[in-house]
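**Q** take this sequence and fold it.
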Amino acid sequence: HREHRGHRKCRKAFFLCALCDLCGKFSFRLSKIGEIVPSPRGGATVPPDFSPATRDFAKPPESVTLDGSLTTRKTDRSVFRMWYKPYGKTGKKISVISFGGMRFADPKDIDASAAVVLHGYRQGINYFDTAPFYCGDRSEEIFGSAVKQMKPGTFYLSTKCGVPDGRELRKSLEQSLRRLNAEKIHFFHIWCVTSLAAWEKRKSGGAVAAALKAKEEGLIEHVVISSHLPGNELRGVLEEGWFEGVTLGYCAINFPYREEALASAGRMNLGVVTMNPLAGGVIPRNAERMAFLKGPRDESVVAAALRF
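**A** Residues are numbered from 1 along each chain as shown. Here you go, the predicted structure:
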């Protein structure tokens with residue numbers, strides 16, 4: 001950010017969100033972004049002690065698929081291997097790239113959309129996330145169609161419910177199971193917690209209790225949360241101890257906003273899935289301005305943002 005680059009003491013000016021915890025200035029407006037001068041190693045010049053080019057995944061284990069084999073994809077240039085990481089304390093290993101089902105090109109065409117899901121599955125993706133109301137309420141049906149062609153035990157399903165009433169949550173869960181052609185949901189989210197008041201209603205209305213009861217019955221394996229809360233507020237929710245994992249918005253633009261929650265999840269050894277890794281399309285639509293994200297091995301800004 002042009003304004004922050006002029007401050008000698010601003011050593012933590014965070015890229016496009018222009019958040020400086022020393023001078024306190026903050027801006028999300030892309031129109032205010034100044035020119036970014038790439039450093040020789042491909043990272044950002046601000047701050048000099050941090051670059052997405054060095055924020056890399058840990059070296060993947062040799063035995064990475066659910067059945068112990070290595071997932072590879074050959075191209076004309078090289079061999080790509082899907083990496084898997086432990087999801088908290090659940091004992092499950094999740095592909096570092098997952099499949100989000102909020103958008104399909106033509107969700108009315110169930111077969112064509114399911115083919116896209118299956119393509120991801122063949123590339124080694126094993127975590128598939130959907131929800132009621134996605135894609136005009138067709139997303140779960142799309143995944144349910146794809147699941148019929150997947151080998152049991154080689155994938156995990158994630159879906160959600162955003163109602164506070166426990167009885168309504170149960171109805172939504174049963175509907176999701178039917179649509180997904182599944183006997184159980186591997187990761188079931190208490191969904192779209194956008195305020196602490198809304199979180200209190202999920203507890204008082206019985207939604208959390210209903211999800212935990214369904215877990216006892218074997219309909220859910222892991223109860224988790226999907227939230228848009230600020231990092232400090234989400235940290236408090238996580239530390240109440242209800243959940244085994246969290247899905248949160250986290251990307252190269254907004255990461256300071258939720259860093260506190262991420263650090264808390266790490267301390268508690270909770271699973272973490274990040275949504276909107278491309279900032280809802282902002283990063284690819286502004287690829288030239290976001291070029292400072294690219295490291296020497298990144299072929300595109302999208303690849304750099306996903307690696308971040």
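
**Q** can you give me the helices in the stretch 151-300 of the chain?
**A** 166-179, 196-204, 207-216, 231-238, 255-268, 282-285 (DSSP state H, counting those that start in this stretch).

**Q** the last one packs against which elements?
**A** Yep, that's helix 282-285 we're talking about. Where contact means 3 or more CB pairs under 8 Å, 6 or more residues apart in numbering; DSSP states H and E, helix 282-285 is packed against helix 301-307. Any C-beta I mention is one placed from the backbone N, CA and C, and that applies to glycine too.

**Q** what residues sit buried inside the helix it packs on?
**A** 301-302, 304-307 (16 or more other CB atoms under 10 Å).

**Q** list the helices and strands it packs on?
**A** Against helix 301-307 (3+ CB pairs under 8 Å, 6+ apart) you get helix 282-285.

**Q** list the buried ones in the helix it packs on?
**A** 282-283.

**Q** can I get that helix in CSV, CA atoms only?
**A** Extracted in CSV, the C-alpha atoms of helix 282-285 (Å, rounded to 0.1, in the frame of the first residue of the first chain):
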residue,chain,number,x,y,z
VAL,A,282,-11.0,-10.7,-6.1
ILE,A,283,-7.5,-12.1,-6.4
PRO,A,284,-7.8,-13.6,-10.0
ARG,A,285,-9.8,-10.6,-11.2
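
**Q** list the contacts of the closest residue to Arg258 other than its chain neighbours.
**A** Using CB to CB, 6 or more residues apart in numbering and skipping the chain neighbours, the partner closest in space to Arg258 is Gly231 (4.2 Å). By CB atoms under 8 Å, 6 or more residues apart in numbering, Gly231 lies in contact with 257-262.

**Q** from Ala263, how far out is Gly231?
**A** Distance, Gly231 to Ala263, by CB to CB, to the nearest Å: 8 Å.

**Q** ok, now Glu217?
**A** From Glu217 to Ala263 the distance is 34 Å (CB to CB).

**Q** neighbour count for these two, which is higher?
**A** Legend: neighbour count by other CB atoms under 10 Å for Glu217 and Ala263, higher for Ala263 (12 against 9).

**Q** number of nearby residues for Asp111?
**A** 9.

**Q** that one reaches Ser145, doesn't it?
**A** Yes - between Asp111 and Ser145 a contact is recorded at 6.8 Å, counting by CB atoms under 8 Å.

**Q** low-confidence ranges in the stretch 1-150 of the chain?
**A** 1-80 (pLDDT under 70).

**Q** and the helices of the stretch 151-300 of the chain: which comes nearest Met275?
**A** helix 255-268 (10.8 Å; CB to CB).

**Q** so which residue is smack in the middle of the chain?
**A** Centroid check for the chain by CA atoms, centre = their mean gives Thr274 as the closest residue, at 2.1 Å.

**Q** OK, contacts around that one?
**A** Thr274 touches 247-251, counting by CB under 8 Å, 6+ apart.

**Q** with distance to Thr90 and mean pLDDT added, can I get the helices of the stretch 151-300 of the chain in TSV?
**A** Shown next, in TSV, are these (distance: least, CB to CB, whole Å; pLDDT from 0 to 100):
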stretch	distance to Thr90	mean pLDDT
helix 166-179	19	98
helix 196-204	21	97
helix 207-216	12	98
helix 231-238	15	98
helix 255-268	13	96
helix 282-285	30	95
